[in-house]
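Undergrad: I'd like to go over a predicted model; first the sequence, then the structure.
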Amino acid sequence: MAWYGDDDWSYYPPYMSVAEKKAQGARALAKLLKKSKRTAEPVAIAHRKRQLTTTFWGKAWADNLERYADLANRLPRGRAYLRNGSVLDLAIAGGRVEAYVAGSELYRVTIAIAPMAKTRWRRIVTRCTGRIGSLVGLLRGELSHDVLAVLTHAKDGLFPEPREMALDCSCPDRAGVCKHLAAVLYGVGIRLDARPELFFVLRRVDQAELLSSATAGAVSRTRPAAGKRIAVDRLSAVFGIELEDAPPAGARRAGRPSRRGGRRR
């Protein structure tokens, strides 16, 4: 990128290798994080496969980004940055991603995601009722096609649309999605590969609520209604007679009651 001085002539900063940029960025980041007393969390790719993400949540995040043309056209610029380890720090909190990327300087990237509408969340929970077996299955993405379709729906699912995301980078690039932002967007998917529970933190919804509500329907259908048992218990009071409890299934009856309430000898 050209730099313009008082004489309006173009100046390009001296070439720096990727290793030099990363080393320079790491030093600058260490100074920043020293104040907050935390260590950097770089995004590392352990595999050399062409596909960046490997699990359901990571792939679904990347697929959702690439679904939208405004993002998909600029995302490839960040893949090289991500693969060479230039995303030096990436932290996910409620509705927010903060990251630092090594370039000509150390650039700060922030992504703010709007809260999910309560009505949209309730629809998702309702549509998944009785279809999710466990928290482990949910986090692993071991779900039926019907549930996956609900969770990944473009407009009614869990994943954010571009209009729900506010993107910002401290670099001088005026593009809406610079290569540093693109690298971080993909980096979120890799982070979800390792810690899928962070997706629910980012979207500010409770996966426990999704799970408990979803399994409640299946559990309730397997249990007898409490109202029916109460009605049976009250029969003696209503009709003025004593009722014996029904014998367990398969049990032999001790004897046949007589009309007078006794037993034949």
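TA: It's in.
Undergrad: Give me the below-cutoff pLDDT ranges for the stretch 1-150 of the chain.
TA: 1-13, 47-49 (pLDDT under 70).
Undergrad: just the helices in it please.
TA: Remark: helices assigned in the stretch 1-150 of the chain by DSSP state H, counting those that start in this stretch are 18-36, 56-67, 69-72, 76-83, 118-127, 135-140, 145-151.
Undergrad: tell me what the longest one is packed against?
TA: So the one you mean is helix 18-36. strand 87-93, strand 96-102, strand 106-113 (3 or more CB pairs under 8 Å, 6 or more residues apart in numbering; DSSP states H and E). Heads up, the C-betas are built off the backbone N, CA and C, glycines and all.
Undergrad: winner for burial among the helices of the stretch 1-150 of the chain?
TA: Ranked by mean neighbour count, the helices of the stretch 1-150 of the chain are led by helix 56-67 with a mean of 20 (mean count of other CB atoms under 10 Å).
Undergrad: can you list contacts of that helix?
TA: Defining contact as CB atoms under 8 Å, 6 or more residues apart in numbering, one finds that helix 56-67 is touched by 51-53, 71-72, 75, 139-141, 148, 151-152, 154, 159-160, 185-186, 188-190, 192-193, 196, 199.
Undergrad: what number of residues lie near R174?
TA: When neighbours are defined as other CB atoms under 10 Å, R174 has 6 of them.
Undergrad: Please list all residues in contact with the most centrally placed residue in the chain.
TA: The centroid of the chain falls nearest to F199 when counting by CA atoms, centre = their mean (2.4 Å). The contact partners of F199, by CB under 8 Å, 6+ apart, come to 57, 61, 158, 192.
Undergrad: one more time with 6 Å
TA: 57, 192 (CB atoms under 6 Å, 6 or more residues apart in numbering).
Undergrad: host element of it?
TA: Applying DSSP states H and E as the criterion places F199 in helix 198-203.
Undergrad: model confidence over that helix, on average?
TA: Regarding helix 198-203, the rounded mean pLDDT is 96.
Undergrad: how far out from the middle of the chain is that helix?
TA: Chain-centre distance of helix 198-203: 5 Å, with CA atoms, centre = their mean, to the nearest Å.
Undergrad: Next one: V150 from E197, what distance?
TA: With distances taken as CB to CB, to the nearest Å, V150 is found 19 Å from E197.
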